[in-house]
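Asks: 3D model of this:
(one chain, ligands or ions: 2)
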Amino acid sequence: MGRITLDNVTKSFGPVQVIPPLNLTIEDGEFTVFVGPSGCGKSTLLRLIAGLEDVSSGEIRIDRQDATHVPPAKRGLAMVFQSYALYPHMSVRRNIAFPLRMAKMDQAEIDRRVNSAAEVLNLGDYLDRRPGQLSGGQRQRVAIGRAIVREPAAFLFDEPLSNLDAALRVGMRLEISELHERLRTTMIYVTHDQVEAMTMADKIVVLRAGVIEQVGSPLELYRTPRNLFVAGFIGSPR
Ligand code: ADP
Ligand code: MG
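Replies: Numbers count the residues shown, from 1 in each chain. Ligands and ions are numbered 1, 2, ... in the order given. From the prediction side, this is the model:
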C-alpha cells in the first residue's frame, strides 16, 4: 500500500522558507506528477517524502503511519535518480541486486527478484554487461530495476529522463507508463516538462514557489485551469 499524506509540511533552508504549509494526499496506486518551473520546490518536496531532507514542521504519513522522522531506508519508498548512479565496475545483475545484498537478503530471493525485474524491463539479455556497455535508455532501466527489486510502496522519480535525447525520452516515457500499468504501484514523478505531465499523470500537482496552485487530472487542468499561471503552464487559455 502506498498512500502518502503531507499534513501542513513546511521546509526552510536557513531563513528562507521554500515550502510554505502544504497539504497533499497521494492515493495508493496513483501516478502523480509534480510539475512547475525550475526552482519551485519539486525536488525538495520529493526529498521530503523520501526522507532525504527533514521537514521543518508538519507531518508525513505513509499508509496512515507517521513517517515524519523515519529514516529514508525504512520508509519503503524507492527513489530513481536522473544521474543513474550505477556502479561502473559491476554487472547489470549486481547493480540491480545491490540494495538487496546490502539488506542481506538470501540469494535465492535476490535471484528471483532480479530475474523478475529484468523480465519486466526487458533487460534479460544484458544482465552480464557493465553499465558502460549499455545505451542511455538501458542504463535508465537498470536504475529502475534497482528500485523494482525492493518492491517499494511507491516509486519516486526526479526528472529521470532529462539526461536522455528527445527520441529516447518519448520511448522511456511510454515504458514508465507501462510499468505503472503493470505494477499499479504508487508513483510520484517530478518534471518541468508539461508534455510529460499531461501524458503520464493520473493526477497533476502544479507548483509555483513551493505553493500548490492546482491539483487535478490532466483533463481538468487543461479544461478548467484555476488561474493564469496554471493556464499558461499547462492548460488552454480561458
Ligand atoms: P526544483 O526541483 O523545482 O527545481 P528545488 O526543490 O531544487 O526546485 O529548489 C527549491 C528552492 O529551494 C530553490 O530556491 C533552491 O535554491 C532552494 N534549495 C534547494 N535545496 C537547497 C539547499 N540544500 N540549501 C538551500 N537552498 C536550497
Ligand atoms: Mg529539481
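
Asks: what residues does the protein put near ligand 1?
Replies: Contact residues, the chain versus ligand 1 (C-beta under 6 Å from any ligand atom): 13, 18, 36, 38, 39, 40, 41, 42, 43, 44. No exception for glycine: its C-beta is placed from N, CA and C like everyone else's.

Asks: pretty sure the second one contacts residue 11?
Replies: To tie it back to what came earlier, the one meant is residue 18. Yes: applying C-beta atoms under 8 Å, one finds residue 18 in contact with residue 11, separated by 5.6 Å.

Asks: Report the set of residues contacting both of these two.
Replies: Shared contacts of residue 18 and residue 11, defined by C-beta atoms under 8 Å, 6 or more residues apart in numbering, comprise 41, 44, 210.

Asks: can I get those residues in CSV with pLDDT?
Replies: Below are the shared contacts of residue 18 and residue 11 laid out as CSV (pLDDT from 0 to 100):
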residue, pLDDT
41, 97
44, 98
210, 97
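
Asks: residue ranges of the strands in the protein, please?
Replies: With DSSP state E as the criterion, the chain has strands at 4-13, 16-26, 31-35, 57-62, 65-66, 77-80, 154-158, 186-191, 203-208, 211-216.

Asks: Of these, which shows the lowest average pLDDT?
Replies: With a mean of 92, strand 77-80 has the lowest mean pLDDT of the strands of the chain.

Asks: residues in contact with stretch 209-223?
Replies: Around stretch 209-223, the neighbours that count as contacts under C-beta under 8 Å, 6+ apart are 11, 17-20, 22, 24, 36, 40-41, 44, 197-199, 201-207, 224-227, 229-230, 234-236.

Asks: buried ones in it?
Replies: Neighbour-count burial for stretch 209-223, counted by 16 or more other C-beta atoms under 10 Å, picks out 210, 212, 213, 214, 215, 216, 218, 221, 222.

Asks: which among the residues you listed gets closest to ligand 1?
Replies: residue 210 (7.0 Å; C-beta to the nearest ligand atom).
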